[in-house]
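In: Structure of the sequence below:
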Amino acid sequence: MNSSQILFFTFGFYIEIGLLKYFVFLVLMCVYSLIICANVLLIVVICVHRSLHEPMYLFLCSLFVNELCGSTALYPFLMIQILSDIHTVSVNLCYLQIFCLYLYVNVQFYNLAAMSYDRYLAICFPLQYHTRMASQKTAVLIALSWLFPVMAITIMIALNASLQLCGNIIDRLFCDNYSVVKLACSDTSANNIYGLIYTFVVLLGLTVLILYTYSKILRVCFSGSKQTRQKAVSTCTPHLVSLLNFSFGCFFEIAQSRLNMSSAPLMLRIFLSLYFLIFQPLFNPLVYGLSLTKIYSICKSLLIRKV
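Out: Predicted coordinates:
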């Protein structure tokens, strides 16, 4: 059997839960609705209010748009699968979901790296910040944070599509690149080499950039005045919390997909595989919306005005 003969993939993680599936469907629908409302509200607030047209908030706007894209690639799919009696997906739709979900993860990482660089300039070079982080530079960084992942994921999907597959059972709740590659009975050297190069050159480089910027920010916090420390803490805490939450989610996903966890309870494996796809889009709007004074005050005034 090769990839041209396979018309659909079957998911092995779904179990029969009877009428409980309707309750799970309602929970997912409520969470998805909350994510949509929270992210759309913050995007509109940032776009409409000119006082928020600063690099930090523009990076946040890009982050919230990415949350919408990633959530839309997962939640409707999960809700349909939960209500369905046959848990299958066509090959083309599976590759489309892989593209969207991996694009979400990569854009999230690029955005967080750009935001850490922005906070580094704002705290370590406050007098030169507006010249170093001009509007053109902000636009270029946001564009690159989307363009590079699109090109990288497109190459990855093209390499996957050329593989000959000897099975169609995916032990996940959704389509995953690693799970599809494991089904291949042809040579996957090109896929593995490309994955390693991309991981170590790009993702490791972004990780080094984030660690470097925060080491400089911490040095300024410890050596600066009380006012400088307070400013650094107030602006960097939401970003750092979001970064840690995303890192933990990625670690859980790697542990779930790469390590042999067949002896672990099924519910634990499901939780680990969905953590960064479910909690991060819900987590970011709450953290940034409540922690950043400008956004919080504008959202509060809008809600009070409506009431």
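In: Pull the number of nearby residues for residue 184.
Out: By other C-beta atoms under 10 Å, the residues close to residue 184 number 18. All C-beta atoms are positioned from the backbone trio N, CA, C, and that covers glycine.
In: what's the average pLDDT for the helix or strand containing residue 241?
Out: Element membership for residue 241 (DSSP states H and E) is helix 226-258. The predicted model assigns helix 226-258 a mean pLDDT of 76.
In: Identify the residue spatially nearest to residue 38, adjacent ones excluded.
Out: residue 285 (3.8 Å; C-beta to C-beta, 6 or more residues apart in numbering).
In: ok, that neighbour - contacts?
Out: Residues near residue 285 by C-beta atoms under 8 Å, 6 or more residues apart in numbering: 35, 38-39, 41-42, 64, 67.
In: Go ahead and build a ChimeraX selection from the buried members of those residues.
Out: Of these, the buried ones go into a single ChimeraX selection, burial set by 16 or more other C-beta atoms under 10 Å:
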select :35,38,39,41,42,64,67
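In: can you put the contacts of residue 285 in CSV and add secondary structure and pLDDT?
Out: Listed next are the contacts of residue 285 as CSV, based on DSSP: H, G, I helix; E, B strand; the rest coil; pLDDT from 0 to 100:
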residue, secondary structure, pLDDT
35, helix, 91
38, helix, 87
39, helix, 90
41, helix, 86
42, helix, 88
64, helix, 92
67, helix, 91
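In: before we move on, the earlier item: avg pLDDT for the helix or strand where the residue nearest to residue 38 lies?
Out: Using DSSP H and E, residue 285 maps to helix 266-291. The predicted model gives helix 266-291 an average pLDDT of 79.
In: Buried ones in that helix, by neighbour count?
Out: Buried residues in helix 266-291 (16+ other C-beta under 10 Å): 269-270, 272-285, 287-289, 291.
In: Next, the angle from it to helix 226-258.
Out: 160 degrees (axes from the mean of the first three to the mean of the last three C-alpha atoms, to 10 degrees).
In: How far away from the center of its chain is helix 266-291?
Out: On the basis of C-alpha atoms, centre = their mean, to the nearest Å, helix 266-291 sits 10 Å off its chain's mean C-alpha point.
In: Ok, stretch 149-165 next?
Out: 19 Å.
In: Same question for stretch 51-65.
Out: 16 Å.
In: what's residue 135 in contact with, if anything?
Out: Per C-beta under 8 Å, 6+ apart, neighbours of residue 135: residue 55.
In: do that again at 10 Å, thanks
Out: Shown in contact with residue 135 (C-beta atoms under 10 Å, 6 or more residues apart in numbering): 53-55, 58.
In: By neighbour count, which of the residues you listed wins?
Out: Going by other C-beta under 10 Å, residue 55 tops the contacts of residue 135 with 25 neighbours.
In: Find the nearest non-adjacent residue to that one, please.
Out: Excluding its sequence neighbours, the residue lying closest to residue 55 (C-beta to C-beta, 6+ apart) is residue 138, at 4.4 Å.
In: Let me know the average pLDDT across the helix or strand hosting the one you found.
Out: Using DSSP H and E, residue 138 falls within helix 135-161. Across helix 135-161, the average pLDDT comes to 92.
In: And that helix, how far out from the chain middle?
Out: Distance, centroid of helix 135-161 to centroid of chain: 14 Å (C-alpha atoms, centre = their mean).
In: Identify each buried residue in it, please.
Out: Going by neighbour count (16+ other C-beta under 10 Å), the buried part of helix 135-161 is 138, 141-142, 145-146, 149, 152-153, 156-157, 159-160.
In: which one of those sits closest to residue 199?
Out: Nearest to residue 199 among the buried residues of helix 135-161: residue 152, at 10.5 Å, using C-beta to C-beta.
In: ok, the closest one touching residue 144?
Out: No. Judged on C-beta atoms under 10 Å, residue 152 makes no contact with residue 144 at a distance of 11.8 Å.
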